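Undergrad: please work out how this folds:
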Amino acid sequence: MEFCVDSEIFKLFPGIRFVCVIAKGIDSGKINKEAIEHMLHEGWSVAGKASVQYGNPQSHPNIKPWVARLKAIGVSRKKFPNSIESMVRRAGKGGEPFHIIPLVDFYNSIALSHIVPAGGFDIDQMQEGLSLRLSREGDRFMALDEEKEINVPAGEVSYADGNQIVTRQFVWKQAKHLLLNEKTKNVFFVSEILGDLPYETADNVAKALVNGLWKCFGISTTAHILDERNTHLAINE
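TA: Residues are numbered from 1 along each chain as shown. The predicted structure is shown next:
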């Protein structure tokens with residue numbers, strides 16, 4: 001199996017880069033939860049300050065391009081708010097960071113610290129591999145907070161495993177399919193870095209993911225950065 005990015009994505013999001021990290025052999029009994037908690041609190045603090053630094057989250061220089069790029073392809077910000085803007089806004093309200101499970105808290109800490117989207121997919125649930133493409137007729141989506149599967153309209157930027165859509169509207173909402181859980185052992189992490197952001201952003205996020213996986217999970221791995229010239233990455237080798 002592999003992860004591949006369709007050429008159409010690079011036309012819609014010029015200069016976009018994808019930080020990809022494959023983490024295999026995660027042992028739930030060897031997770032450094034204190035380290036994850038520390039990273040999450042640090043990220044929550046960074047994002048909380050970022051929420052008000054430019055007047056509002058959507059005006060932050062890392063988030064503003066997402067608002068503009070998604071609007072340009074017809075995505076309603078009110079109906080489909082992008083994930084990083086939503087998290088930064090939530091952090092700006094103060095209080096303690098929200099917790100899900102260690103793996104999700106980990107990638108959320110990276111997203112919050114660097115003000116970029118970040119996510120993860122369970123490799124062992126994959127049926128055909130992961131692709132980022134425009135949705136097409138016959139694609140289906142089961143949202144986390146829903147019990148009924150829906151047909152996805154054609155033309156949405158989507159992560160997909162075959163005809164199962166796993167993230168709608170690019171960085172909006174994840175499906176139940178490929179969802180990380182307490183028993184997940186093998187994860188494909190990805191962070192989307194728009195071409196509008198400083199070039200070194202992708203390298204910084206890559207280092208944070210690799211170093212964090214070693215510190216929090218004892219996993220030694222490497223990062224791969226995909227772009228318009230390098231659009232495929234093997235997931236299972």
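
Undergrad: show me the strands in this structure, by range?
TA: Assigned by DSSP state E, the chain shows strands spanning 2-5, 17-24, 119-122, 130-134, 140-141, 150-151, 157-161, 164-168, 173-174, 186-193, 223-226, 232-234.

Undergrad: and the ones you listed as CSV, adding distance to H60, mean pLDDT and mean neighbour count?
TA: C-betas here are computed from N, CA, C, even on glycine. Shown next, in CSV, are these (distance: least, Cβ to Cβ, whole Å; pLDDT from 0 to 100; neighbours: other Cβ atoms under 10 Å):
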stretch, distance to H60, mean pLDDT, mean neighbour count
strand 2-5, 25, 98, 19
strand 17-24, 19, 98, 22
strand 119-122, 19, 98, 23
strand 130-134, 24, 98, 20
strand 140-141, 29, 96, 20
strand 150-151, 32, 95, 12
strand 157-161, 21, 98, 23
strand 164-168, 22, 96, 24
strand 173-174, 21, 91, 20
strand 186-193, 15, 98, 24
strand 223-226, 23, 98, 18
strand 232-234, 29, 97, 14
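
Undergrad: dump these to TSV, plus distance to H41.
TA: Listed next are the strands of the chain as TSV, based on distance: least, Cβ to Cβ, whole Å:
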stretch	distance to H41
strand 2-5	31
strand 17-24	22
strand 119-122	20
strand 130-134	30
strand 140-141	33
strand 150-151	36
strand 157-161	29
strand 164-168	26
strand 173-174	23
strand 186-193	20
strand 223-226	24
strand 232-234	32
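
Undergrad: between the ones you listed, which gets nearest to N32?
TA: Closest to N32 of these, according to Cβ to Cβ: strand 17-24, at 13.9 Å.

Undergrad: so how far is that closest one from its chain's centroid?
TA: The chain centroid and the centroid of strand 17-24 are separated by 10 Å under Cα atoms, centre = their mean, to the nearest Å.

Undergrad: who are the packing partners of it?
TA: Packing partners of strand 17-24 (3 or more Cβ pairs under 8 Å, 6 or more residues apart in numbering; DSSP states H and E): strand 186-193, helix 200-217, strand 223-226.

Undergrad: can you list contacts of the first one?
TA: For strand 186-193, the external contacting residues (Cβ atoms under 8 Å, 6 or more residues apart in numbering) are 3, 16-26, 103, 107, 110-111, 114, 116-124, 130, 170-171, 180, 201-202, 205, 209, 235.

Undergrad: go again using 6 Å as the cut-off
TA: Defining contact as Cβ atoms under 6 Å, 6 or more residues apart in numbering, one finds that strand 186-193 is touched by 17-24, 107, 116-118, 120-121, 123-124, 201-202, 205, 209, 235.

Undergrad: now the second one
TA: Outside helix 200-217, the residues within contact range by Cβ under 6 Å, 6+ apart are 17, 19, 21, 23, 26, 31-32, 35-36, 106, 110, 114, 189, 191, 193, 219-221, 223, 225.

Undergrad: that older thread, the helices and strands packed on strand 17-24: which one's closest to R136?
TA: Of all the helices and strands packed on strand 17-24, strand 186-193 comes closest under Cβ to Cβ, at 20.9 Å.

Undergrad: pull the closest one out as CSV, backbone CA atoms only.
TA: What follows is strand 186-193, C-alpha atoms only, in CSV (Å, rounded to 0.1, in the frame of the first residue of the first chain):
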residue,chain,number,x,y,z
ASN,A,186,0.8,1.3,13.3
VAL,A,187,0.1,4.9,12.3
PHE,A,188,0.5,7.1,9.2
PHE,A,189,0.9,10.7,10.4
VAL,A,190,0.5,13.6,8.0
SER,A,191,0.7,17.3,8.3
GLU,A,192,-0.3,19.6,5.4
ILE,A,193,1.9,22.7,4.9
